[in-house]
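Undergrad: got a predicted structure here, sequence first:
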Amino acid sequence: MTVELRHHTDLTARARRDLVDVYAEVRAPLLHLANYRVEAFVGRLDRHVGEPGFGLVLGYDGDVPVGYAYGNTVDAGDRYWRRMAEPLPAGFTDTPVLAVKEIGVRTAWRGTGTARRIHDELLAHRAEGRVTLMVNPLAGDGKVRALYETWGYRAVNSQRPTPDSPRLTVMVRSR
């Protein structure tokens, strides 16, 4: 199973379609929840594409899109930081970070290292010194958060990005 990784700084029609298709399959068990509906994802995606530093890595096995990771640069004034449940330490937001907004891999490619390869490829071409992401602590009965911890992330806070969203754990690591 060879997965080719493709970079995007904007969304072509094909990249958009492939990303949404993978998202819909990965999140299928949650699509009945307002925050996880495809329409909600597309709305967030459209906003993220227009934000500073957008970057996307799509993984393909032949012509089949199998996974993705994308993110944006966030700086001190970004709403990402203003929604935290607890105050952040002084200076915590002084330098821009990469906020990984989404990671998803189709079931058949899970456990193969594909998610980590896509994630690491996204980070490899970034200038930010740190990276952050949010995870539902209940995802995979806590296994997703535990996986991110093996990748070097540590929990620093929590937030509810939208009224429809569950409370998410905010995690950070050095790039």
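TA: That came through fine. Numbers count the residues shown, from 1 in each chain.
Undergrad: please make it C-alpha for all contacts and neighbour counts, starting now.
TA: Will do.
Undergrad: low-confidence ranges in the chain?
TA: Along the chain, the parts satisfying pLDDT under 70 run over 1.
Undergrad: can you give me the helices in it?
TA: Remark: helices assigned in the chain by DSSP state H are 13-26, 38-49, 79-82, 114-124, 143-150.
Undergrad: and the gap between the nearest residue to Lys101 once chain neighbours are set aside and Gly53?
TA: In space, Lys101 comes closest to Gly71 once its chain neighbours are excluded; the distance is 4.9 Å by Cα to Cα, 6 or more residues apart in numbering. Taking Cα to Cα, to the nearest Å as the measure, Gly71 falls 8 Å from Gly53.
Undergrad: that older thread, what about the residue nearest to Lys101, distance to His8?
TA: Distance from Gly71 to His8, counting by Cα to Cα: 11 Å.
Undergrad: overlap of the contact sets of these two?
TA: 55-56 (Cα atoms under 8 Å, 6 or more residues apart in numbering).
Undergrad: so for those two, which residue has more residues nearby?
TA: Set side by side, Gly71 and His8 show more neighbours around Gly71, with 27 against 14, by other Cα atoms under 10 Å.
Undergrad: what sits against that one?
TA: With Cα under 8 Å, 6+ apart, Gly71 has these contacts: 48, 53-56, 98-102.
Undergrad: which of those tops the neighbour count?
TA: Leu56 (29 neighbours).
Undergrad: so how far is Ala115 from the closest residue to that one other than its chain neighbours?
TA: Closest residue in space to Leu56, ignoring its immediate chain neighbours: Tyr70 at 4.2 Å, by Cα to Cα, 6+ apart. Distance, Tyr70 to Ala115, by Cα to Cα: 12 Å.
Undergrad: repeat for Leu33
TA: Leu33 is 24 Å from Ala115, where distance means Cα to Cα.
Undergrad: what about the two, which has more around it?
TA: Taking neighbours as other Cα under 10 Å, Leu33 and Ala115 compare with Ala115 leading, 21 against 11.
Undergrad: skipping adjacent residues, who's closest to that one in space?
TA: Setting aside the residues directly before and after it, Ala115 is nearest to Val105 in space (Cα to Cα, 6+ apart), at 6.1 Å.
Undergrad: what residues are bridge-paired with the one you found?
TA: In this structure, Val105 bridges to Gly67 when assessed by DSSP bridges.
Undergrad: contacting residues for the residue positioned nearest the centre of the chain?
TA: For the chain, the residue nearest the mean C-alpha position is Glu102 (2.2 Å; Cα atoms, centre = their mean). If you count contacts by Cα under 8 Å, 6+ apart, Glu102 has them with 68-71.
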